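Asker: Here is a sequence together with a model predicted from it:
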Amino acid sequence: MAVGAGLGVSRWLGIDDLIAGLWVGALAVSSSLWLATWVKDKQLAFPKLDWIAGILLYLLFIPTLSLMHITGIVGNTFLGIDKIILGTLIGSVIFIVSVMSDKYLRSINEEQVFIYYQKVILPMLFLALASFIFHFIMI
């Protein structure tokens, strides 16, 4: 519901659905990683827990957006794909790449961050850059 409300506000502000979808995808991946960590902290063992949590959250996000008539709007497509769905997929990939980038940077720096809040800054930077690029593509 919160994602749907956020998308409604982003539409009201004039933000393109593809760009809003980027952030929805990042939220989905971030939430699934948080859920997987929370379950691991409870000492519950599941194989491929990150994947299970991700699939579970996508099964909650995507159908809910469809039921709320936020996706599937005729003409709201880019390259023939619904803008929110495409943005969600791209945003998910961007978030995963940013997490991998954080891990790589730590690995080359003796498991230490280069800058404080690096784990937060990298995803925000990658998503902001992608939003900026897609803004100019959508003009």
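Answerer: Cool, the structure landed. Numbering: from 1, shown residues only.
Asker: Could I get the full set of strands for this structure?
Answerer: Secondary structure of the chain (DSSP state E): strands at 77-78, 81-82.
Asker: Could I get those strands in CSV, plus columns for mean neighbour count, distance to Val39 and mean pLDDT?
Answerer: In short, each C-beta sits where N, CA and C put it, glycine included. Converted to CSV, those look like this (neighbours: other Cβ atoms under 10 Å; distance: least, Cβ to Cβ, whole Å; pLDDT from 0 to 100):
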stretch, mean neighbour count, distance to Val39, mean pLDDT
strand 77-78, 16, 35, 90
strand 81-82, 16, 31, 91
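Asker: so which of the ones you listed gets nearest Ala5?
Answerer: Minimum separation from Ala5 across the strands of the chain (Cβ to Cβ) falls at strand 81-82, 18.8 Å.
Asker: what sits up against the closest one?
Answerer: For strand 81-82, the external contacting residues (Cβ atoms under 8 Å, 6 or more residues apart in numbering) are Thr71, Gly72, Ile73, Asn76.
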